[in-house]
Structure formats: C-alpha cells, structure tokens
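1. got a sequence here, can you model it:
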Amino acid sequence: MLSDDELVRMLRTGDPHPDPSDLDPNSPAADRILAQVRQRTLRRRRRTMVVVPVVAVALAGGTAATYAWVAGDGEGHTLDSSGLNCVGSDQSDASINFNPVADDPIKVCRQLWQEAFGEPAPETLTACVDSSEQGSIEVYPGGRDECARHRSDPYRGPTREQLNLAHFRTEIRERFADRNCVGYTEFRNVISKLLAEHDLTEWSAGHFQTADKEPEGPCAEIVYYDEPEQKIWLGDGKAGNPVNLP
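-> Down below sits the predicted model:
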C-alpha cells in the first residue's frame with residue numbers, strides 16, 4: 001500500500017503541463033484523495049475506531065440561517081458513503097468505517113459511544129452531512145438543529161449509486177481476500193466486470209502517475225474511491241502484503 005508520503009509526492013509533483021486525462025495534483029479531487037487516504041490508513045481491513053480531539057468552530061453573531069454552505073451533494077447525501085464520524089459532547093471525534101447497506105449511522109455511534117467518549121450515549125443523536133470537501137457523515141448529540149449549528153444538513157441516507165457501490169466493494173473484497181499480489185491487468189478486468197454487474201457504468205479505474213510517468217508495478221491495489229468523480233484510483237502494492245481493498 002502507498003505510504004502517505006508516497007501518495008503526497010505522486011499527487012503534488014505531477015507534470016506542470018499534465019495530460020487532460022491525468023489527475024491534477026492541485027485539484028479539489030486530489031485534496032479529497034489526500035484527506036481520505038490519511039483516514040483510510042487507520043481503517044484498513046476492519047472497523048477501527050480513532051478518537052481525535054478537535055476544536056469547535058462557533059458561528060459568530062446572527063443565526064445559522066445567515067450563513068450559506070453546501071453540505072455533501074446539497075440534497076442530504078454524503079460524498080464519502082463508507083466513512084462515519086461520531087462527535088462527542090466535548091467535540092472529540094471517533095472515525096470508523098461505515099457500510100451504507102448494513103449500517104445505520106445513529107445506531108453505530110450509539111453502540112460505540114461509551115467506549116469512544118467514556119460516557120453513555122445521549123438520548124438523542126442526529127446524523128448530518130457536513131460542508132467539508134469530503135461531505136462526511138457526522139453524528140452529533142442533540143436534535144436536527146445541531147446540523148445547522150455545525151454548518152451541516154440532515155443526512156437523508158445513501159443514494160442508489162452508493163448502495164450499488166457498497167455491494168461492489170463487498171464483492172471485490174471477497175474476490176481478492178486471500179491474494180497478496182494482483183497484477184494491474186487482472187485487477188482492471190475484474191473491476192470492469194463488477195462495475196457493469198452493479199450498474200456503475202459511469203465509473204472507471206485510473207492509476208496514479210508521478211511526473212516521471214513511472215511504469216505500473218507488478219502488484220495493484222485500490223488507493224481511494226472518489227465518489228464525486230466516479231473514479232477508483234489504483235496504486236502499486238507490495239508483493240507479499242495483503243491487497244488493499246478499502
């Protein structure tokens with residue numbers, strides 16, 4: 001799996017005159033990838049809880065309605081359907097994997113609340129979609145007004161495409177679960193087949209390239225799913241290590 005430094009280098013040291021088909025390393029898509037890969041390295045292969053203190057940003061003056069923001073896709077859907085953040089009363093944050101097919105964000109956070117924050121879960125929890133670049137699902141103590149207080153919108157559940165993507169991810173994990181090295185050709189062939197089977201025909205797979213346009217290595221793995229761009233980004237894996245299947 002690519003290290004964080006390797007990924008940053010691949011994105012940030014791209015050709016100053018890139019081909020239009022390449023990922024612009026300074027684009028919002030690249031920023032999304034960097035932010036999410038840093039999170040995903042903490043979540044590999046199993047549900048992992050990471051509690052991180054954060055600083056709350058208060059809205060200074062006026063009401064929340066005075067401010068405008070775009071949360072997720074603007075319709076109550078996240079831009080990262082496999083991530084979930086539970087936010088404690090002290091604004092610490094527990095980030096975990098999330099399966100939109102099987103999981104309910106409020107139930108998931110309620111179950112881990114005591115372990116994550118050292119106190120019983122509040123009586124009322126609310127799932128929101130925040131206005132970050134990632135459009136993440138955030139679960140806050142309190143009612144629906146908490147969403148506006150945090151520049152977020154109420155979460156309305158997964159889209160049909162996100163449900164299809166979740167099934168795709170489950171199947172590709174099962175397909176390569178016991179493999180330590182899968183070549184790029186085989187990986188792409190399986191991805192193309194499964195995308196068609198799960199009605200994700202607008203999706204495609206791409207490979208990160210450095211400024212030197214290095215050849216693909218012997219082993220491929222999935223680095224990141226970019227839902228807004230409908231892109232699966234592949235990178236070089238290390239032979240002998242389990243294939244990364246986030």
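2. now the protein, which segments are flagged as low pLDDT?
-> Within the chain, the ranges that satisfy pLDDT under 70 run 1-67, 209-213.
3. tell me which element the residue nearest the centre of it falls in.
-> Here the mean C-alpha position of the chain is nearest to the C-alpha of Asp80 (Cα atoms, centre = their mean), at a distance of 4.3 Å. Of the helices and strands defined by DSSP states H and E, none includes Asp80.
4. so where's the longest helix in this protein?
-> Ranked by number of residues, the top helix in the chain under DSSP state H is helix 160-176.
5. identify each buried residue in that helix, please.
-> Glu161, Gln162, Asn164, Leu165, Ala166, His167, Phe168, Arg169, Ile172, Arg175, Phe176 (16 or more other Cβ atoms under 10 Å). Backbone N, C-alpha and C define where each C-beta goes, glycine included.
6. residues touching it, excluding its own?
-> With Cβ atoms under 8 Å, 6 or more residues apart in numbering as the test, helix 160-176 has contacts from 77-78, 81-82, 99-101, 158, 182, 190-191, 194-195, 197-200, 203, 222, 225, 227, 243, 245-246.
7. buried ones only from those, please, as a PyMOL command.
-> In PyMOL, a selection of the buried entries from the contacts of helix 160-176 looks like this (16+ other Cβ under 10 Å):
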select buried, resi 77+78+81+82+99+100+158+182+190+191+194+195+198+200+203+222+225+227+243+245+246
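8. out of the contacts of helix 160-176, which sit inside strands?
-> Ile222, Tyr225 (DSSP state E).
9. and the strands in this protein?
-> Counting by DSSP E, the strands of the chain are 50-52, 83-87, 93-97, 125-130, 137-141, 152-154, 204-207, 220-226, 231-236.
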